[in-house]
Structures are given as C-alpha cells and as structure tokens.
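> Below are the sequence and a predicted model for it; my questions follow.
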Amino acid sequence: MAIRPKNKEETNMLWDSTYVLVLIGAALTMLASGRVNSTYARYAKVRSVTGLTGAEAARKILESQGIYDVTIQHVSGNLTDHYDPRNHILSLSDATFGSSSVAAVGVAAHECGHAVQHNQGYTPLSFRSALVPVANIGAKLSWPLVIIGLLINGDSSMLLIQAGIILFCTVVLFQIVTLPVEFNASSRALKLLGENGILYDEELDGTKKVLSAAAMTYVASVAASLLQLLRLLMLANRKRN
C-alpha cells in the first residue's frame, strides 16, 4: 500500500517552529528554579547567630511595624511560603517555620514584607490583588479559545483567537505587576532584618543572595509568558494569512 506524502499543513501540525519559544521559556524557568533551590539549600545550612526561627523572626518583624492582626501559621511543603492579604494570614512552609537558618529567616522576612505592604497600602500590591480574578479567568480560558480558533474556519475563528490573546495579556500584566511587589518585599525584608538585629551583616549577604535568586524566578516567568504571547501573535498572524 502506497503511503501518501504529508502536505505542508500536516507537517506543520507535527512540528510548529513556534515551539522554540516555548522551549526557551521552559529553559529560563528551569534555570531560575534550579538556581533558587541550590542557593536556598546552601544557606539553609547556615544557622543564624540569634537562633530565631522563621516564625519567631516573622513575629518580631510584624510587631516592630505595629502589625498585630496577622496570623502566622505552618503549612506543609517546601518553599510554599506566602501571605494572604484577604484574611491576614502569613503561611510558612516546613523549611521555614521552625528553621533558624539565614535562608529560612530571609524567606519569612520576605513574606512579612508583603504584610507590611498590605498594611501600608502599597499601590502595586493593591493593583495586583485587583488583577487576581481577571488573571485567573485569563489563565483558564485564553489557550482553549486560541486552540478552538485555530482548529475551526470562518470569521469566528479570528474572533476567538483575538479574545484568547486579550485574556492571556491579563496573565502577562499580572506577572509584570508582580515584579515590583516581589522586589520591594525583599528590599523591605533585608532592611527590617538589619534594623531589628535579627541577622548581622554577613548573614544578610547570604539572605540577599537567597532572595535575589527567588526574585529571578519571577523574572523568568515574565520572560516565558512574553515568549508565549509572541507565539500566540505569530499563530494568529499565520491563521489570518
């Protein structure tokens, strides 16, 4: 039985050159993740002179800023630390809550930085919080709309693709707004750790490296999303032509 040669359209379905952008984004994300994990692991072995745990350091920082309505709780996982401004809960992971390493104390202080931002009405944080529901919708619906638009023909196909791209832009905007929020939280953390005598100069250098590595994961996420957006625009242009 003769095998029918694949036409150009079928070949493109098997290999799309825009996948290169996805691979670049994935590589950037993996490099950033690997760096933060290795940096954290290094300074997780360095015990702080004061011996304060992440939870104790967090409480001391919050009280120094006159913040008494934030609940500090222990959550499972590794580096799953986060601050929820909706219910004033600061969650510290297994690696942070009870550890007195300079890495753990730095991560706890970073989350306290978000609590201080919230308490002071830091504009980028407020803007990011307002974007959350829109970005969540964009994350769920953008790609399905684009894929459906690429698979069907007719006038509605481009409308679906354009709608998907617009929704994806909300995800990119959320990630871009996240950058100043995260960098500012780290800056506040380092300052508060020094002012409150929780870490000393040498220890702060190690903590700064941990927080800088963590910040690069957000930069990598933005870069990966921008590459994805570029890919969507290229696919839309190909469909239009």
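Cool, got the structure. Residues are numbered from 1 along each chain as shown.

> now what about stretch 54-73, what contacts it?
By C-beta atoms under 8 Å, 6 or more residues apart in numbering, the list of residues contacting stretch 54-73 from outside reads 52, 74, 83, 87-92, 96-100, 104-105, 107-109, 111-112, 115-116, 119, 192-193, 195-196, 198. The C-beta positions use only the backbone N, C-alpha and C, and glycine is treated the same way.

> need the helices for the chain, in chain order.
8-14, 19-43, 54-64, 94-97, 102-120, 123-151, 155-195, 201-240 (DSSP state H).

> Of all these, which one is nearest residue 78?
Relative to residue 78, the nearest member of the helices of the chain by C-beta to C-beta is helix 94-97, separated by 5.1 Å.

> averaged over its residues, what pLDDT does that closest one have?
The predicted model gives helix 94-97 an average pLDDT of 94.

> Compute the distance from the centre of that helix to the centre of its chain.
Distance of helix 94-97 from the chain centroid (C-alpha atoms, centre = their mean, to the nearest Å) equals 19 Å.

> tell me which strands and helices that helix is in contact with?
Packed against helix 94-97 by the contact rule (3 or more C-beta pairs under 8 Å, 6 or more residues apart in numbering; DSSP states H and E) you find helix 54-64, helix 102-120.

> pLDDT averaged over the last one - what is it?
Here helix 102-120 scores 97 as its mean pLDDT.

> List the buried residues in it.
By neighbour count on 16 or more other C-beta atoms under 10 Å, the buried set for helix 102-120 is 102-119.

> tilt between it and helix 155-195?
Using axes from the mean of the first three to the mean of the last three C-alpha atoms, to 10 degrees, the direction of helix 102-120 lies 110 degrees away from that of helix 155-195.

> by contact count, what packs against helix 102-120?
Other helices and strands packing on helix 102-120, by 3+ C-beta pairs under 8 Å, 6+ apart, are helix 19-43, helix 54-64, strand 82-84, strand 89-92, helix 94-97, helix 123-151, helix 155-195, helix 201-240.

> Could you dump these into JSON lines and include distance to residue 70?
Output for those, formatted as JSON lines (distance: least, C-beta to C-beta, whole Å):
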{"stretch": "helix 19-43", "distance to residue 70": "24"}
{"stretch": "helix 54-64", "distance to residue 70": "6"}
{"stretch": "strand 82-84", "distance to residue 70": "8"}
{"stretch": "strand 89-92", "distance to residue 70": "5"}
{"stretch": "helix 94-97", "distance to residue 70": "15"}
{"stretch": "helix 123-151", "distance to residue 70": "14"}
{"stretch": "helix 155-195", "distance to residue 70": "14"}
{"stretch": "helix 201-240", "distance to residue 70": "20"}
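
> Next, format the ones you listed as TSV and append mean neighbour count.
Shown next, in TSV, are the helices and strands packed on helix 102-120 (neighbours: other C-beta atoms under 10 Å):
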stretch	mean neighbour count
helix 19-43	15
helix 54-64	21
strand 82-84	17
strand 89-92	20
helix 94-97	22
helix 123-151	16
helix 155-195	18
helix 201-240	18
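
> about what we covered before: right, and the helices and strands packed on helix 94-97 - which one's nearest residue 159?
When the helices and strands packed on helix 94-97 are compared (using C-beta to C-beta), the closest one is helix 102-120, at 38.9 Å.

> got the angle between that closest one and helix 201-240?
70 degrees.

> thinking again about what came up before, now render the helices and strands packed on helix 94-97 as JSON lines, adding distance to residue 48.
Listed next are the helices and strands packed on helix 94-97 as JSON lines, based on distance: least, C-beta to C-beta, whole Å:
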{"stretch": "helix 54-64", "distance to residue 48": "8"}
{"stretch": "helix 102-120", "distance to residue 48": "5"}
